[in-house]
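>>> how would this look folded up:
(one chain, ligands or ions: 1)
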Amino acid sequence: MKKYDFVVIGSGLGGLCAAIILAKENKKVLVLEQHFKPGGYLHSFKRHGWQFETGFHFSPELGDSQILQMYWKYLGILDKLELIPYNKDHFHSLQFPDFRLDLHSGLDSMQELLNKTFPDEKKAIDLFIKKITELKRYFVYFNRDHIGDMDKEHSSFEVSVMDFLNSIGASEKLKAVLLAHSYLYGVPPSETPLGTHAIFFNALYSSTTDIKGGGDALCNALVESLKENGGDILFKKKVTQIKTENKKICGVVTEDESYYECDSIIFSANPKLAFSMFDENPFRSAYTNRIMEMENTSSHFGAYIATSADLSNYKHDTLYFPSYDIDELYKNPASALPNDSFMYFTVPTARLGKTPDGKELIETISMDTYNNYQQWSDSKFGKRPQEYKDFKLQIQENVLRQLESHIPEIAGKIDFIESSTPLTNEHFTNSPQGCIFGIKHNMEQMRAPIRAKTKLDGFYYTGQSLIFPGIVGVTITSFVTCSDILGQQYLFDKIDKETR
Ligand SMILES: Cc1cc2nc3c(=O)[nH]c(=O)nc-3n(C[C@H](O)[C@H](O)[C@H](O)COP(=O)(O)OP(=O)(O)OC[C@H]3O[C@@H](n4cnc5c(N)ncnc54)[C@H](O)[C@@H]3O)c2cc1C
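Numbers count the residues shown, from 1 in each chain. A predicted model of the protein is given here:
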């Protein structure tokens, strides 16, 4: 039987990127995925021939010479994808009950818009933009010249973005605008490190890009590149055991009792899942307890809709907030059936073209909590009890009622609707409590973040729980993990050679 240098557990974005980087080094790499297709949260699904996205709607930093272009070029996927940029003058809309702002790409252009919208707050706006631009310079992996400052990077995790905005005297309304995209990493602004928000803010306003074919196209490109570089991937292979000998990794066992021999493991699923896979936990109890006690991000309720309404005016994505207090977003889970709550919605067909049968597709995200579904956690996907189905339907109707208030054109024109809950997330991605962004990147947990390299020889973590979630964050995290294996300077030199 073939012995692998690396087994990568999980074929989400993090696992696939790490696998390609290692396969490019002529390492023998095998990716094992529990699901029947690759992608984890990049997963999309089809109903009646319509493709719906779950965890991919847009990616920042894919404009010409932006940082993700560099990494994706290195991974050999950039040329395999058709990138469709959002409209620069209106990529997202922030909507509040009494106020709407259509956002522009580019920090300069955004600053101009903010100055026009908040003419009395030019000083606070200037201080904020200067600060977040300065902070990005400290993060070595986010700069094309690979120059950063580790100490300053770490100190940016010591203050919350909310405290910073309060210290510069930003009004409630300005704060709401500057903090609105905290939903992209799932942490309330009062708990978010300034450095984390700075990275997301810079990335988001750099550019936003869709991909023709969505998450599936991205996964297919990643898998193709992996195979071109000699890597292997197997599906319906849930890893249940990690085998060690003399404190060294020697292989993994999957649910169907297959054994795969390897020297090293890249663990890309939620880090908490690793410990129970060892016959005898090789880590110190202080380390294990610290990770096991870390809080996960919350989950979400998703709705997937096909409509015969014409939605060509909805090329932008919309983020609706019932109040200016962005922390509130996390306190109104969809399953509590609120009258009015946070909602993100996107109409990909408005940008990419209607479906062949002339429909528009809508995808919505509402925050949700696993607790309200806990009672059905033992039931199996496809065989959930009627009580769960009725509850889900009630939430779906509530979400649809709210969506109709934002897109009145769809009233009476819904051809199809299906929804997902935290239990759906858990089933398809094996993420504990269906959490959507892995372990929460809040101040407390980012003081001692989970590192890629562990004390167990040959065992590495990657994925959204480590540094940052999201397409940019997870891609970069896989390079951080592989730097620990290959050497940072070596990898940067190779990236420069192959991408300049
Ligand atoms: C609703 C939603 C919308 C989002 N929208 C965007 C967006 O528009 N733009 C953006 O930048 N980001 C977005 N994100 C975030 C982004 O999708 C994620 O950060 C990213 O895909 C996570 O990748 P990952 O590899 O870290 O984790 P995952 O995608 O969770 O991958 C982990 C993989 O491991 C597998 N696995 C788990 N356990 C095992 C096991 N025991 N054996 C084998 N395999 C296992 C899982 O099946 C999964 O494939 C969104 C996320 C969600 C949930």
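>>> Need the residues that contact the helix or strand of the chain with the lowest mean pLDDT.
Using mean pLDDT, DSSP states H and E, helix 150-155 stands out as the lowest-scoring helix or strand of the chain, at a mean of 91. Applying CB atoms under 8 Å, 6 or more residues apart in numbering, the external contacts of helix 150-155 come out as 135, 138-140, 195. Where you see a C-beta, it was placed from the backbone N, CA and C, and this is true even at glycine.
>>> could you redo the last one with a cut-off of 6 Å?
Helix 150-155 has contacts (CB atoms under 6 Å, 6 or more residues apart in numbering) with 138-139.
>>> buried residues in whichever helix or strand comes after it?
Toward the C-terminus, helix 150-155 is succeeded by helix 161-167 as the next helix or strand (DSSP states H and E). By 16 or more other CB atoms under 10 Å, the buried positions in helix 161-167 come out as 161-162, 164-165.
>>> Out of those residues, which comes closest to the ligand?
The nearest member of those to the ligand, counting by CB to the nearest ligand atom, is V161 at 18.7 Å.
>>> Helix or strand: which one has the closest residue in space to the closest one that isn't next to it in sequence?
Leaving aside its sequence neighbours, V161 sits nearest to H197 (CB to CB, 6 or more residues apart in numbering; 4.0 Å). Per DSSP H and E, H197 falls inside helix 194-206.
>>> For V347, list the residues it contacts.
Residues in contact with V347 (CB under 6 Å, 6+ apart) are 311, 314, 360, 362.
>>> now these in JSON lines, with secondary structure, distance to M443 and pLDDT?
Formatted as JSON lines, these follow (DSSP: H, G, I helix; E, B strand; the rest coil; distance: CB to CB, whole Å; pLDDT from 0 to 100):
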{"residue": "L311", "secondary structure": "coil", "distance to M443": "39", "pLDDT": "98"}
{"residue": "Y314", "secondary structure": "coil", "distance to M443": "36", "pLDDT": "97"}
{"residue": "E360", "secondary structure": "strand", "distance to M443": "41", "pLDDT": "98"}
{"residue": "I362", "secondary structure": "strand", "distance to M443": "35", "pLDDT": "98"}
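>>> May I have the helix or strand where S109 lies exported as PDB, CA atoms only?
Element membership for S109, per DSSP H and E: helix 107-117. Only the C-alpha atoms of helix 107-117 are listed here, as PDB (Å, rounded to 0.1, in the frame of the first residue of the first chain):
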ATOM      1  CA  LEU A 107     -10.600  52.800   0.100                       C
ATOM      2  CA  ASP A 108     -10.100  56.300  -1.400                       C
ATOM      3  CA  SER A 109     -13.500  56.100  -3.100                       C
ATOM      4  CA  MET A 110     -15.100  54.800   0.100                       C
ATOM      5  CA  GLN A 111     -13.500  57.500   2.200                       C
ATOM      6  CA  GLU A 112     -14.900  60.100  -0.200                       C
ATOM      7  CA  LEU A 113     -18.400  58.500   0.100                       C
ATOM      8  CA  LEU A 114     -18.100  58.400   3.900                       C
ATOM      9  CA  ASN A 115     -17.000  62.100   4.000                       C
ATOM     10  CA  LYS A 116     -20.000  63.000   1.900                       C
ATOM     11  CA  THR A 117     -22.400  61.000   4.100                       C
END
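>>> Buried residues, that helix. List them.
So, applying 16+ other CB under 10 Å, buried residues of helix 107-117: 107, 110-111, 113-114.
>>> Let me know the pLDDT of the residue nearest to V161.
What the model reports as pLDDT for H197 is 96.
>>> so how far is Y388 from it?
Computed as CB to CB, to the nearest Å, the H197 to Y388 distance reads 36 Å.
>>> Show me which of the two is the more surrounded one.
Neighbours per residue, other CB atoms under 10 Å: of H197 and Y388, the larger number sits with H197, 28 against 15.
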